[in-house]
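# Got a predicted model here, sequence first, then my questions.
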Amino acid sequence: MDIWMQLENAERGERRPLATVLEAIPWNADGLITAIAQQHDSGEVLMLAWMNRQALRETLDTGRVCYWSRSRQALWRKGESSGHRQRLIEARLDCDGDAVLLRVDQQGPACHTGRPNCFYNAIRDDTVEVITAPPSP
């Protein structure tokens, strides 16, 4: 039985070695996993990004969130240039291991536009409405 089936059938409180679980992650063809950042105390979904093995391992080891930038093809330590860092509170894998939820303490806005989160385009009827104002100049 694979690790994901074991976890699916596990009772509350059961544990598996982290190394075994990380080895079993079904990384996509580019060696990436979807990462969703959520503010730990409010539950607000802040952003979606990607992680490779190194980014996930660094995040778990340091407590400071690191992603993989597909456009730059390089590690992206959140807040490295803006100062808007994410401190990891807890990491969770979904049921089949192909997405990670990062419960974080976001310092400053999460979005590169300066908005609090990246999900400010609401689909409403036949339109897309911007529901969060950009920061004042």
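Received the coordinates, thanks.
# distance of R77 from Q54?
Noted for R77: a distance of 11 Å to Q54, by CB to CB, to the nearest Å. Every C-beta, even on glycine, is put in place using the N, C-alpha and C of the backbone.
# Touching both of the two, which residues are there?
C66 (CB atoms under 8 Å, 6 or more residues apart in numbering).
# For the two, work out which one has more neighbours and name it.
R77 (18 against 12; other CB atoms under 10 Å).
# What average pLDDT does stretch 6-15 get?
Average pLDDT, stretch 6-15: 92.
# buried set for it?
L7 (16 or more other CB atoms under 10 Å).
# Please list the outside residues in contact with that stretch.
By CB under 8 Å, 6+ apart, stretch 6-15 touches R16, V21, C95.
# after the longest helix that the chain contains, next one along is what?
Assignment by DSSP state H gives helix 53-62 as the longest helix of the chain. Counting by DSSP states H and E, the next helix or strand C-terminal to helix 53-62 is strand 66-69.
# Buried residues, that following strand. List them.
C66, Y67, W68.
# how close does the nearest residue to the last one once chain neighbours are set aside sit to P17?
Spatially, and ignoring its direct neighbours in sequence, W68 is nearest to N52 (4.4 Å; CB to CB, 6 or more residues apart in numbering). Between N52 and P17 the distance, using CB to CB, works out to 21 Å.
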